[in-house]
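Visitor: Here's a sequence, model it:
(one chain, ligands or ions: 1)
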Amino acid sequence: MCGITGFTGSQPALPFLLQGLSRLEYRGYDSAGITLVNGKALRTWKTKGRLAQLEELLSKDLAESCGIGHTRWATHGVPSNMNAHPHMNEEETISVVHNGIVENYAELKEELMENGYVFHSETDSEVIVQLLDYYYNEKPVMKEALLKTVKRLTGSYAVCVTTIFEPDTIYVAKKESPMVLGQSPEGTFCASDAPALLEYTREIYPMQDGQIAILNADRIDLFDLKGKRQELKWIHFPYDIQSAQKGGYDSYMMKEIHEQPSAIRETLRGRFHGNKTVMPVIDQLDADWDSITNTYFIACGTAYHACIYAEILYRRYTGKMSSVIPASEFRYSNPSLNEHTLCIFVSQSGETADTLAALRLAKSKGCITISVVNVLGSSISRQTDAVLYTAAGPEIAVASTKAYTTQLVLLHVLVLKLAELYGIRVRGISRLIRDLRHLPEITEEVLAKEPQMKELAKMLKDQKDAYFIGRQLDYPTALEGALKLKEISYVHADAYYAGELKHGPIALIEENTVVTAMATQPEIAAKTISNIKETVARGARVILITDPFMSAQEFEYVVRIPDISPELAAVPCAVLLQLFAYYGAMEKGCDIDKPRNLAKSVTVE
Ligand code: F6R
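Guide: Next up is the predicted model:
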């Protein structure tokens, strides 16, 4: 979720570049950099850390009127000065900033190295500047070099280029990563998001996938990938800076809920080849997979719920047993740990103290350790034998949403990978992979049910308690739904296995108690339905979340998820429950992004 700014005009570029980057800080970053073009040379400053550290490197009198800026949220290569953008070619004649993921960067890098190119960073982005250099040397026309370069990239990109060959021009290209353009009497601008431009102009143009733009001081030219000119239609941007940073939503949580289709798409990017999973870091582990005797899934809070989901899948797909233990309990549970133990740690922040402590114990006993982490270069990611990154981007709201659903999908692929490594063929693998690939669209579809969830959440207005029930793969969803609700609305919420109700919790059900029930697992759905009826008989108001086919005439409040493999129903259900919790909290007038007593990253045990 990097931030990009670019300016060319009649005024110094630096003030715009820096204020623009600070307006994009909400996107999260771990390093920052700029390039200014002074006619004869490109001058680049970059550093790990905050914008303030970058500003310390800059002298006050930088009057260059063309430049590009970047804040980097690390995806390939740890946060460092070297990995920070901009990246330049060897002769320092071309400078590039990039947001997105170049999936085929390893192949491109190899090809370029065979042609004598030397790489200085661990980033995927550096291949872009080297490719540009390669094509520009073939034929010195930058527009053509850019078109040839972006056609070689698979994955996502928003790219911004400056060059001494055209010192007043900025080249921009976009596919699946955001980029907006703007113009004012002082010059022309580009940025990853509108807040960077709003002090200068409210007329903006959000670039479309497959477009390139050429920015000069007094005009912007727009083209498609064939080089054919396109029309630039300005739109008036209606939000103020603060709501623009939240993408026009009322809160970061709502913005992050809506980012899930793209977060899932990015997390799954490049993870399949036909019916096989692609996880080179797992293939490269020095492990004798046949000798694994114990497997543990370890995490806290929401990430722990993702682990419960993974544990059920692991048993289902591999036929092997594993344990799921909250990280805060792990060290005191006498786990059986040795070199035949596989420990899988899941964490959004990668800094949770309990999870780190459990990891250190596992490492001290020689276990094989894998982590599923969102923040690149975080402590957990650095200390495990192999790390898999969710590509949720920065999660700012305290209540986890997009980190959870991306954990579900990445753990799903990991479990399929482990089954492959154990030599086990998972039944229905092609259907599963087809549906995994389809999850971003499924998530879009389910987000369209927001008005229905908002209406249903009105039931929570005067409630002190709420219950969530489900069986099998619906159970972690119930746990996560209850956690979301209690975190942000302070309604006491509990989750139970639906079949366990009659063994105690049903005593809590009275007239008008709100029960949210998931019935998405066909082999057990009929039994879940009878469990639900037991609560209806005691006066509960039941919201039933189920697949498109389940007969549910006897229920008043039914929400249907799209048709998808039951093993993946947890994703659309989680999205519905996030919306339910969100609007429940709105009913109660709570501060949604900053719930009381909670911190985003829990770095104490
Ligand atoms: C709940 C939530 C927490 C975290 C937990 C672990 O919405 O965000 O329960 O899931 O504190 O944090 P990470 O994943 O950073 O290890």
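Visitor: list the buried ones in the helix or strand A525 falls within?
Guide: If you go by DSSP states H and E, A525 is part of helix 522-536. For helix 522-536, burial by neighbour count (16 or more other CB atoms under 10 Å) applies to I524, A525, T528, I529, N531, I532, T535, V536. The C-beta positions use only the backbone N, C-alpha and C, and glycine is treated the same way.
Visitor: Next one: the third one from K365, what distance?
Guide: It stands for T528. 40 Å (CB to CB, to the nearest Å).
Visitor: Could you do the first one as well?
Guide: Counting by CB to CB, the gap from I524 to K365 is 37 Å.
Visitor: Next: F7.
Guide: According to CB to CB, F7 stands 55 Å off from K365.
Visitor: With neighbour numbers in mind, choose between those two.
Guide: Between F7 and K365, F7 has the larger neighbour count (other CB atoms under 10 Å), namely 33 against 14.
Visitor: Residue of the protein nearest the ligand, please.
Guide: The chain approaches the ligand most closely through G301 (1.9 Å), counting by CB to the nearest ligand atom.
Visitor: Would you agree that residue is in contact with L483?
Guide: Yes: with contact defined as CB atoms under 8 Å, G301 counts as touching L483 (6.9 Å).
Visitor: where does the residue of the chain closest to the ligand fall, phi/psi-wise?
Guide: phi 60, psi -130 (degrees, to the nearest 10).
Visitor: Look at it and report its pLDDT.
Guide: pLDDT recorded at G301 is 97.
Visitor: Could you measure from it over to Y249?
Guide: 23 Å.
Visitor: okay, the two: which has more neighbours?
Guide: Neighbours were counted for G301 and for Y249 using other CB under 10 Å; G301 has more, 23 against 16.
Visitor: Could you pull up the residues touching that one?
Guide: Contacts for G301 (CB atoms under 8 Å, 6 or more residues apart in numbering) come out as S400, L483.
Visitor: Next one: it relative to A403, how far apart?
Guide: 10 Å.
Visitor: ditto for K461
Guide: Applying CB to CB, the value for K461 to A403 is 29 Å.
Visitor: Pick out whichever of those two has more residues nearby.
Guide: Neighbours were tallied for K461 and for A403 using other CB under 10 Å; the higher tally belongs to A403 (26 against 11).
Visitor: Would you check that that one makes contact with T302?
Guide: Yes: between A403 and T302 there is a contact at 7.1 Å, judged by CB under 8 Å.
Visitor: Spit out the residues that contact those two alike.
Guide: Q348.
Visitor: residues from the stretch 251-400 of the chain in reach of the ligand?
Guide: Residues of the stretch 251-400 of the chain lying close to the ligand by CB under 6 Å from any ligand atom are C300, G301, T302, A303, S347, Q348, S349, T352, T355, A399, S400.
Visitor: what's the pLDDT at V558?
Guide: Confidence at V558, expressed as pLDDT, is 97.
Visitor: Surely it is in a helix?
Guide: No: applying DSSP: H, G, I helix; E, B strand; the rest coil, one finds V558 to be strand, outside a helix.
Visitor: Use 27 as the first number from now on
Guide: I'll keep to 27 as the first residue from here, and by that count the last item is V584.
Visitor: show me the contacts for it.
Guide: V584 touches I569, L570, T572, A578, counting by CB under 8 Å, 6+ apart.
Visitor: quick one on the thing from earlier: with only the CA atoms kept, save the helix holding A551 in CSV.
Guide: What follows is helix 548-562, C-alpha atoms only, in CSV (Å, rounded to 0.1, in the frame of the first residue of the first chain):
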residue,chain,number,x,y,z
PRO,A,548,-24.1,-29.3,3.9
GLU,A,549,-23.1,-32.4,5.8
ILE,A,550,-24.2,-30.9,9.1
ALA,A,551,-26.7,-28.2,8.1
ALA,A,552,-29.8,-30.2,8.9
LYS,A,553,-28.6,-30.8,12.5
THR,A,554,-27.6,-27.1,12.8
ILE,A,555,-31.1,-26.1,11.7
SER,A,556,-32.7,-28.3,14.5
ASN,A,557,-30.3,-26.6,17.0
ILE,A,558,-31.5,-23.2,15.7
LYS,A,559,-35.1,-24.3,16.1
GLU,A,560,-34.4,-25.1,19.7
THR,A,561,-33.5,-21.4,20.3
VAL,A,562,-36.5,-20.1,18.3
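Visitor: Mind checking the pLDDT average for it?
Guide: Regarding helix 548-562, the rounded mean pLDDT is 91.
Visitor: Now for the protein, the helix or strand with the poorest mean pLDDT.
Guide: helix 267-271 (a mean of 73; mean pLDDT, DSSP states H and E).
Visitor: For that one, which residues meet the burial criterion?
Guide: Quick answer for helix 267-271 (16+ other CB under 10 Å): A270, Q271.
Visitor: Check which element follows that helix along the chain.
Guide: Helix 267-271 is succeeded, C-terminally, by helix 278-284 (DSSP H and E).
Visitor: For that next one, which helices and strands make contact with it?
Guide: helix 596-613 (3 or more CB pairs under 8 Å, 6 or more residues apart in numbering; DSSP states H and E).
Visitor: what about the helix it packs on and the ligand, touching?
Guide: No: judged by CB under 6 Å from any ligand atom, helix 596-613 makes no contact with the ligand; its nearest approach is 9.7 Å.
Visitor: Let's see that helix as CSV, backbone CA atoms only.
Guide: Only the C-alpha atoms of helix 596-613 are listed here, as CSV (Å, rounded to 0.1, in the frame of the first residue of the first chain):
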residue,chain,number,x,y,z
ALA,A,596,-16.1,-18.7,6.1
VAL,A,597,-14.9,-15.8,4.0
PRO,A,598,-18.3,-14.4,2.9
CYS,A,599,-19.7,-15.2,6.3
ALA,A,600,-16.9,-13.2,8.1
VAL,A,601,-17.7,-10.2,5.9
LEU,A,602,-21.4,-10.3,6.8
LEU,A,603,-20.6,-10.5,10.5
GLN,A,604,-18.1,-7.6,10.2
LEU,A,605,-20.9,-5.5,8.7
PHE,A,606,-23.3,-6.7,11.4
ALA,A,607,-20.9,-5.8,14.2
TYR,A,608,-20.2,-2.4,12.5
TYR,A,609,-23.8,-1.4,12.3
GLY,A,610,-24.5,-2.8,15.8
ALA,A,611,-21.8,-0.5,17.1
MET,A,612,-23.3,2.4,15.2
GLU,A,613,-26.6,1.7,16.8
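Visitor: So which elements touch it?
Guide: By 3+ CB pairs under 8 Å, 6+ apart, helix 596-613 packs against helix 278-284, helix 428-447, helix 455-473, helix 476-483, helix 500-515, strand 540-545, strand 567-572.
Visitor: Turn the ones you listed into JSON lines, columns for distance to P264.
Guide: Formatted as JSON lines, the helices and strands packed on helix 596-613 follow (distance: least, CB to CB, whole Å):
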{"stretch": "helix 278-284", "distance to P264": "16"}
{"stretch": "helix 428-447", "distance to P264": "25"}
{"stretch": "helix 455-473", "distance to P264": "21"}
{"stretch": "helix 476-483", "distance to P264": "20"}
{"stretch": "helix 500-515", "distance to P264": "27"}
{"stretch": "strand 540-545", "distance to P264": "35"}
{"stretch": "strand 567-572", "distance to P264": "34"}
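Visitor: contacting residues around the most centrally placed residue in the chain?
Guide: Nearest to the geometric centre of the chain sits A418, at 0.9 Å (CA atoms, centre = their mean). Contact analysis of A418 by CB under 8 Å, 6+ apart lists E285, A289, T293, Q374, N400, K428, A429, T432.
Visitor: Could you tell me which residues of the chain lie near the ligand?
Guide: Residues of the chain that fall close to the ligand, judged by CB under 6 Å from any ligand atom: 326-329, 373-375, 378, 381, 425-426, 509, 513, 627-628.
Visitor: Low-confidence ranges, the chain, go.
Guide: Residues of the chain meeting the criterion pLDDT under 70: 27, 626-627, 629-631.
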